[in-house]
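S.K.: The sequence and its predicted three-dimensional model are supplied below.
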Amino acid sequence: MKQFTGRTAVITGAGSGFGLETSRIAARRGMNVVMADVQADALERAAAEIEGLGAEVLANGSTSARRPRSRPWGGRSRSASARRISCSTTPVSAPAA
C-alpha cells in the first residue's frame, strides 16, 4: 500500500506500547485511526494524543476481557456471506468502493 492519506487504520492495544506507536505512525501518514484497548484510561490519553496529531479518531474501550466468552454474532451460525471484522496492530484499510 502506497497511499495512506484518508484511509482508516484499526489498531488494537492502542493505549500503549506498539499499538500506540502504530497509531502515531498512522496519524502522521494522514490516516483516520480506530483505536481499541481494554485499559480505558490509557486509551483516553492515547486518543487525545492522536487527535492532537490531526487524525480523526474513534476510540473504543473494550470490556471483553471481563466478560465470559461468547459468540459475537449472538450464538447463531454465521452464513458464508457474513462480514468478517479484522482487528490488528497493523494499519489496515477498507477496499475502494
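M.R.: It's in.
S.K.: and the residue nearest to E56 when sequence neighbours are not counted, bridged to which residues?
M.R.: Closest residue to E56 apart from its sequence neighbours, by C-beta to C-beta, 6 or more residues apart in numbering: N32 at 4.4 Å. For the C-beta atoms, the positions are set from N, CA and C on the backbone; glycine is no exception. Beta-bridge partners recorded for N32 (DSSP bridges): T8.
S.K.: who's in contact with N32?
M.R.: The neighbours of N32, taking C-beta atoms under 8 Å, 6 or more residues apart in numbering as the test, are G6, R7, T8, A9, A55, E56, V57, L58.
S.K.: where's G30, which helix or strand?
M.R.: With elements delineated by DSSP states H and E, G30 resides in a region that no helix or strand encompasses.
S.K.: For burial, what's the neighbour tally of it?
M.R.: Using other C-beta atoms under 10 Å, the number of residues around G30 comes to 14.
S.K.: my guess is it meets Q3, correct?
M.R.: No: proximity of G30 to Q3 does not meet the contact threshold set by C-beta atoms under 8 Å, at 9.3 Å.
S.K.: The helix or strand of the chain with the lowest mean pLDDT pairs with which strands?
M.R.: Across the helices and strands of the chain, mean confidence by mean pLDDT, DSSP states H and E is lowest for strand 57-61: a mean of 88. The pairing partners recorded for strand 57-61 under DSSP bridges are strand 32-37 (parallel).
S.K.: Good, we can wrap up now.
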